[in-house]
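Q: Pasted the sequence and its predicted model underneath.
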Amino acid sequence: MTSMASAFLSVGLTVFASAQPNVTNPVSPRAAITAAYASMDRALIRHDVTAYAAHLYPTFVGVYPQGKEMHGRAEDAASLHQLFAVASAVTSSTRLLTLAFQDGGAVVTMRETFSMSMQADGQPVSVKSVGTLRGFWVRSGGHWLLKVERSLSDTTTMNGEETKTVNGQPVAGAAKA
């Protein structure tokens, strides 16, 4: 073998070896779930329902403030499409607080800050929600998917004023009523 061929073979083997998954140091569940939340946050900001829903288990169940429930990836996606139809700007940030393994999956507690701008009756409206949620993630097809999510606490403001939910919609000034 010529020195040139030997050099190409050496470089080729090095590139091939570096392209193989590192089975001795796989991505930790914490890192994978943290990355999934970051991806979900980016998807919300971009109004990308498909990218967001890709992190949800097909039979996903979400239980949110005032008992509102979502059943299935499709129902959650439909709800996001409705939200994005009225929201002009969205920000979202999720921080993983705890992670424990239980029942073949990972139980997490996270803090989510979500805000959006929209128009209501021709007036600009700013809605911000800060909540603590518990999620149950499972491995499926080599990925961690969110199977269940439940709101533990939530504070929502509309134009800086604390709100209450009436018929599934936030109502400013109703929190003290």
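A: Alright, I've got the coordinates.

Q: how about the helix or strand hosting Phe101 as CSV, C-alpha atoms only?
A: In this structure, Phe101 sits in strand 87-102 according to DSSP states H and E. C-alpha atoms of strand 87-102 as CSV (Å, rounded to 0.1, in the frame of the first residue of the first chain):
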residue,chain,number,x,y,z
ALA,A,87,-50.9,34.8,18.9
SER,A,88,-48.6,37.2,17.1
ALA,A,89,-45.5,36.5,19.3
VAL,A,90,-44.7,33.6,21.6
THR,A,91,-41.9,33.0,24.0
SER,A,92,-41.4,29.9,26.0
SER,A,93,-38.7,28.7,28.5
THR,A,94,-38.7,25.4,30.4
ARG,A,95,-36.3,24.5,33.2
LEU,A,96,-36.0,21.0,34.5
LEU,A,97,-36.2,21.0,38.3
THR,A,98,-36.2,17.3,39.2
LEU,A,99,-36.0,13.9,37.6
ALA,A,100,-36.6,10.4,39.1
PHE,A,101,-37.1,7.0,37.5
GLN,A,102,-40.4,5.4,38.2
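
Q: buried residues in the next helix or strand after that strand?
A: Downstream of strand 87-102, the first helix or strand assigned by DSSP H and E is strand 105-120. Using 16 or more other Cβ atoms under 10 Å as the burial criterion, the residues of strand 105-120 that qualify are Gly105, Ala106, Val108, Met110, Glu112, Phe114, Ser115, Met116, Met118. (Each C-beta comes from the backbone N, C-alpha and C, glycine too.)

Q: quick one: the helices in the protein?
A: In the chain, the helices defined using DSSP state H lie at 3-19, 29-46, 49-53, 73-86.

Q: how many neighbours does the residue lying closest to Thr94 once chain neighbours are set aside have?
A: Spatially, and ignoring its direct neighbours in sequence, Thr94 is nearest to Tyr37 (4.1 Å; Cβ to Cβ, 6 or more residues apart in numbering). Counted with other Cβ atoms under 10 Å, residues neighbouring Tyr37 total 21.
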